[in-house]
Structure formats: C-alpha cells, structure tokens
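A.B. asks: The sequence and its predicted three-dimensional model are supplied below.
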Amino acid sequence: KLIDVYAAVLPSLEFKPSVHVSYGEKVLSIKDGLPKMKDFPKEMGGSGELLPE
C-alpha cells in the first residue's frame, strides 16, 4: 500500500528522495540524477519502466 505524505508536514523528517514515480505524466522535467519511473516499481503494481532524464 502506498500512502503519499507531503514531506513538509513532517518537520523532523530528513527527506532524501531516491526516485521519481509517475514521471510519464510529468509537467516539469527535473534533471537531478535520480531514476525516473514511468509509473511505479513492479513491486507496487507498476511497469517498473525507467524513463530517460
């Protein structure tokens, strides 16, 4: 089960992103060196497909 929580509401959380999900529907391109997934990882019911940065 995936629950999306806005990181800003957890001030004590040290937020370190590791991947972008749903990048196939992006509005903005982000060039940060992190993997870009078309939808979600296979383990979460997605295709697991990576997109180019």
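C.D. replies: It's in.

A.B. asks: Check which residues of stretch 38-53 are buried.
C.D. replies: 39, 40, 41, 46 (16 or more other Cβ atoms under 10 Å). Backbone N, C-alpha and C define where each C-beta goes, glycine included.

A.B. asks: so what pLDDT did the first one get?
C.D. replies: For residue 39, the model assigns a pLDDT of 98.

A.B. asks: got it, and the last one?
C.D. replies: The pLDDT attached to residue 46 in the predicted structure is 96.

A.B. asks: That one belongs to a strand?
C.D. replies: No. Secondary structure of residue 46 (DSSP: H, G, I helix; E, B strand; the rest coil): coil, not part of a strand.

A.B. asks: Spell out, range by range, the helices that occur in the protein.
C.D. replies: For the chain, no helices are identified by DSSP state H.

A.B. asks: Quick check: residue 21 vs residue 12, distance?
C.D. replies: 24 Å (Cβ to Cβ, to the nearest Å).

A.B. asks: Settle it for me: which of those two has more neighbours?
C.D. replies: residue 21 (17 against 4; other Cβ atoms under 10 Å).

A.B. asks: right, and that one touches residue 37 too?
C.D. replies: Yes. The pair residue 21 and residue 37 qualifies as a contact (Cβ atoms under 8 Å) at a distance of 5.0 Å.

A.B. asks: Against residue 5, how distant is the residue lying farthest from the centre of the chain?
C.D. replies: In the chain, the residue that sits farthest from the middle, by Cα atoms, centre = their mean, is residue 12; the gap is 20.8 Å. Counting by Cβ to Cβ, the gap from residue 12 to residue 5 is 13 Å.

A.B. asks: count of residues packed around residue 4?
C.D. replies: The burial count for residue 4: 6, using other Cβ under 10 Å.

A.B. asks: now swap in residue 37 and tell me
C.D. replies: There are 21 residues near residue 37, going by other Cβ under 10 Å.

A.B. asks: who touches it in this structure?
C.D. replies: 19, 20, 21, 22, 23, 46, 48, 49, 50, 51 (Cβ atoms under 8 Å, 6 or more residues apart in numbering).
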